[in-house]
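Trainee: fold the following and give me the result.
(chains A, B and C)
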Amino acid sequence: MERKILHIDVNNAFLSWTAINMLNNGEEIDIRNIPSIIGGDESKRRGIVLAKSPPAKKFGIVTGEPIYMARKKCPEIKIYPSNYKLYKYYSNKLYELFLEYTEYVERFSVDECFLDMTEFLMGRDIFDIAKEISSRIKEELGFTVNVGISSNKLLAKMASDFEKPDKIHTLYKNEIEQKMWNLPASELFMLGRKTIPKINKLGMKTIGDIAKADKNVLIKVFGKHGKQMWEYANGIDNSKVIYEYQQPKCIGNSVTLPFDIVNIEKLNEILLLLSEKVSFRLRKHNLIGNSISVQIKTKDFEVFSHQKKIDISTDQTKTIYEVSRSLLEKIHNGQKIRLIGVRVSNLSNKDECQMSIFDVAENKKQKKLDDVMDKIKDKYGYNSITRAGEINVRDIINIRED
DNA sequence: TCTGGGGTCCTAGGACCC
DNA sequence: TCTGGGGTCCTAGGACCC
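Mentor: Below you'll find the predicted structure:
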């Protein structure tokens, strides 16, 4: 049976939500109507464009580019900081609204959802439902969305990416040739900047070219990815709308430093801060992991990583920190470090994990310390307490409260 | 006044086992 | 004597997404 899938995407999410928040706080200008962007902190070397207003887009400003580039394109551009708490708030509001229409809602990102409406049409036309959802969001929440309608997730997602903002598009199987095949290959979901030149080299420019290409040639050149791009170009996608909560596969934190650091002691202090944050989040999720990895990016943007499997899964700050330290020692050869990160993967649920009495390597003292710190963080905020070693670097890097 | 931070998935090569 | 072949696990790196 043909499914009915909606993909709903907030237009310029971070900027729209910031605009509404400002209006609610008495601001008179709607920053959606002037050249404006949401951007990171340039003084901390995090100055990239995270979202742009439609007038900013007219200047050719694109998401992900450095703010100084945006300023070059439009000197009068207004720049506003990001606010993840606010984004989470509106994301939840949106999700709650969708649940009124179907229980099958997949949160694809903070500003995108897939809805499987197949069993919840109640005899109504899917386009009418899309219109109702769209106008309710506008009236009740104050921002606009794009809605894509189709019989699978890929096509619904491609459809929502057509003309913006505040539009509803269909992309059914019989519309693929007319609506999708003439688009450049780069528009196809999962075709990124590294693959496009290779596709072009094979003489393919449009999505239609890929769709009509020999599938086996694509598989030969790109492996699994080749199979997927051929299927996507032909509108084939059998993936389900995943509406149940998915346990994360890894939890990591990384930070771009405000200036390059070579000193290993300083780097270790930052590692402690990151280990603290990662393990705190693991404990919040009731997860433990046994693969610990450290990533660095040098001043020349070279990326290196090392990882290590430990015998017993952990969520303890001290263990994660100590393994991270040894990993950093192996990668670091005196390079100037721009970014450093810690990640724990191979996660399992702490309660479901059956450990023999001999496996419980949990250091009781450490566990108590973690527990106490967590409680204080919960009560007074994440940054309310630090381990002694962290204090120096806390001024250098600024840990977000979210 | 150069280029974020959170993820997921895949691949290639080496170690090791039978 | 002159180097099997299948399988699993681990690691490093890379592509892609929002």
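Trainee: any part of stretch A:223-240 near DNA strand B?
Mentor: Yes. Applying C-beta under 7 Å from any atom of the strand, one finds that stretch A:223-240 is in contact with DNA strand B at A:223-225. (Glycine included, C-beta is placed from N, CA and C.)
Trainee: gap between the two ends of that stretch?
Mentor: Terminal residues of stretch A:223-240 are spaced 23 Å apart (C-alpha to C-alpha, to the nearest Å).
Trainee: ok, residues contacting it?
Mentor: A:116, A:152-155, A:171, A:173, A:176, A:180-181, A:188-191, A:195, A:207-208, A:210-211, A:213, A:215, A:217-220, A:222 (C-beta atoms under 8 Å, 6 or more residues apart in numbering).
Trainee: among those, which ones are in strands?
Mentor: Judged by DSSP state E, strands contain the following of the contacts of stretch A:223-240: A:Asp116.
Trainee: how is chain A divided into domains?
Mentor: Listed by automatic domain parsing, the domain ranges of chain A are A:5-9+A:87-173, A:15-84, A:180-233, A:250-401.
Trainee: distance from the second one to the middle of the chain?
Mentor: Taking C-alpha atoms, centre = their mean, to the nearest Å, one finds domain A:15-84 lying 19 Å from the centre of the chain it belongs to.
Trainee: pLDDT (mean, whole number) over that domain?
Mentor: Here domain A:15-84 scores 97 as its mean pLDDT.
Trainee: and that domain, is it in reach of DNA strand B?
Mentor: Yes. Domain A:15-84 is in contact with DNA strand B by C-beta under 7 Å from any atom of the strand, via A:40, A:42-43, A:45-48, A:50, A:64, A:66, A:68, A:71.
Trainee: re earlier: which PyMOL command selects the buried ones in the contacts of stretch A:223-240?
Mentor: Buried residues among those (16 or more other C-beta atoms under 10 Å), as a PyMOL selection:
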select buried, chain A and resi 116+152+153+154+155+171+176+180+181+188+191+195+207+208+210+211+213+215+218+219+222
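Trainee: contacting DNA strand C as well, which ones from the contacts of stretch A:223-240?
Mentor: Within the contacts of stretch A:223-240, those near DNA strand C by C-beta under 7 Å from any atom of the strand are A:189-191, A:195.
Trainee: mind pulling up the phi and psi values for A:Phe108?
Mentor: A:Phe108 adopts backbone torsions of phi -80, psi -30, taken as degrees, to the nearest 10.
Trainee: okay, the ones next to DNA strand C among the contacts of stretch A:223-240 in a markdown table with pLDDT next?
Mentor: Output for these, formatted as a markdown table (pLDDT from 0 to 100):
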| residue | pLDDT |
| --- | --- |
| A:Phe189 | 98 |
| A:Met190 | 97 |
| A:Leu191 | 98 |
| A:Thr195 | 97 |
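Trainee: residues near A:Glu103, how many?
Mentor: 12 (other C-beta atoms under 10 Å).
Trainee: doesn't A:Glu390 fall inside a strand?
Mentor: No. Under the criterion used here (DSSP: H, G, I helix; E, B strand; the rest coil), A:Glu390 is helix, not part of a strand.
Trainee: against A:Asn24, how distant is the residue of the stretch 151-300 of chain A found nearest DNA strand C?
Mentor: Proximity of the stretch 151-300 of chain A to DNA strand C (C-beta to the nearest atom of the strand) peaks at A:Gly192, 2.2 Å away. A:Gly192 is 37 Å from A:Asn24, where distance means C-beta to C-beta, to the nearest Å.
Trainee: chain A: strands as residue ranges?
Mentor: For chain A, strands defined by DSSP E occupy the ranges A:5-10, A:36-39, A:49-52, A:78-80, A:105-109, A:112-116, A:145-150, A:168-170, A:250-261, A:287-298, A:303-314, A:337-349.
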